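Asks: please find the sequence and the predicted model below.
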Amino acid sequence: MLQVRRSAERGFFDHGWLQTYHTFSFAEYQNPDWVDYGPLRVINDDRVAPGQGFGKHGHRDMEIVTYLLAGELQHQDSMGNGSVIRVGDVQRMSAGTGVTHSEFNHSEHEPVHLLQIWLHPERSGLAPGYEQKHFGEADKRGRLRLIASRDGAHGSVLIHQDARLYAGLFDGAERGEFELAAGRRTWLHVARGSLSVNGTRLGAGDGAGSAGALRLALSDGQGAEVLLFDLP
């Protein structure tokens, strides 16, 4: 059975330069019923205004994955990395013993839409690390493409947690299936569009979780882009 969390039930803040939805408790939004989901700690659905961004700030002992949906984001960090994150890119930053970074939208006209995801690492005190890879539309069209995993399988970015993150695009007759093993749990987030998951209709911003051995069937997509987490 799916545990559904609708988009409108999430925390929301309009900071002027940033409009953000929080699936789980974060910053000013604190909900004891939605603190985390296994090692999955944060899914923030952020829209950053042109010429704005996140100034230099620090993290530690967290695996941070950024998934771009629209626009471009300039990244700088204390490890010496500087890059532009574009649509289709997946960035992984392991904060480990401590890292500072900034993310900025340099466009004069276009907002940036991104998902920022945090997972607890398998242990604290890891060395900080950074990785960025691109997964084009063809990689995700009508299928669940592995984009992050503990072992970097199939060209995915490497995360320090027993978790696997998939991304998929589904429209019309395209279908996807996922087999969840016993003793595992899954969380599915609809980044945009809509689709049916085991007969339950989910729209943009909706999430759904389930645990134990089961098969998830994704169908009837309407411009759907989804992220699916396989978690301990």
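Replies: Alright, I've got the coordinates. Numbering: from 1, shown residues only.
Asks: list the buried ones in the biggest strand by length in the chain?
Replies: Using DSSP state E, we find that the single longest strand of the chain is strand 214-231. For strand 214-231, burial by neighbour count (16 or more other Cβ atoms under 10 Å) applies to 214, 216, 218-221, 224-231. Every residue, glycine included, has its C-beta placed from N, CA and C.
Asks: can I get the residues you listed in JSON lines including pLDDT and distance to Ser94?
Replies: Converted to JSON lines, the buried residues of strand 214-231 look like this (pLDDT from 0 to 100; distance: Cβ to Cβ, whole Å):
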{"residue": "Leu214", "pLDDT": "92", "distance to Ser94": "31"}
{"residue": "Leu216", "pLDDT": "97", "distance to Ser94": "28"}
{"residue": "Leu218", "pLDDT": "98", "distance to Ser94": "30"}
{"residue": "Ser219", "pLDDT": "98", "distance to Ser94": "35"}
{"residue": "Asp220", "pLDDT": "98", "distance to Ser94": "37"}
{"residue": "Gly221", "pLDDT": "98", "distance to Ser94": "33"}
{"residue": "Ala224", "pLDDT": "98", "distance to Ser94": "30"}
{"residue": "Glu225", "pLDDT": "98", "distance to Ser94": "25"}
{"residue": "Val226", "pLDDT": "98", "distance to Ser94": "25"}
{"residue": "Leu227", "pLDDT": "98", "distance to Ser94": "19"}
{"residue": "Leu228", "pLDDT": "98", "distance to Ser94": "22"}
{"residue": "Phe229", "pLDDT": "98", "distance to Ser94": "17"}
{"residue": "Asp230", "pLDDT": "98", "distance to Ser94": "19"}
{"residue": "Leu231", "pLDDT": "98", "distance to Ser94": "18"}
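Asks: which SSE is the residue nearest the centre of the chain in?
Replies: Nearest residue to the geometric centre of the chain (Cα atoms, centre = their mean): Ile117, 4.4 Å. Using DSSP states H and E, Ile117 falls within strand 112-119.
Asks: tell me the angle of that strand relative to strand 214-231?
Replies: Here the directions of strand 112-119 and strand 214-231 differ by 90 degrees (axes from the mean of the first three to the mean of the last three Cα atoms, to 10 degrees).
Asks: contact partners of the helix or strand following strand 112-119?
Replies: With elements assigned by DSSP H and E, the helix or strand that comes after strand 112-119 is strand 129-134. The contact list for strand 129-134 (Cβ atoms under 8 Å, 6 or more residues apart in numbering) reads 77, 79, 81, 83, 85-86, 88-94, 96, 147, 155-158.
Asks: mind redoing it with 10 Å?
Replies: Strand 129-134 is contacted by residues 63-66, 68, 75, 77, 79-81, 83-96, 99, 101, 147-148, 152, 155-160 when judged by Cβ atoms under 10 Å, 6 or more residues apart in numbering.
Asks: drop anything exposed from the residues you listed.
Replies: Counted by 16+ other Cβ under 10 Å, the contacts of strand 129-134 give 63-66, 68, 75, 77, 79, 81, 85, 87-96, 99, 101, 147-148, 156-160 as buried.
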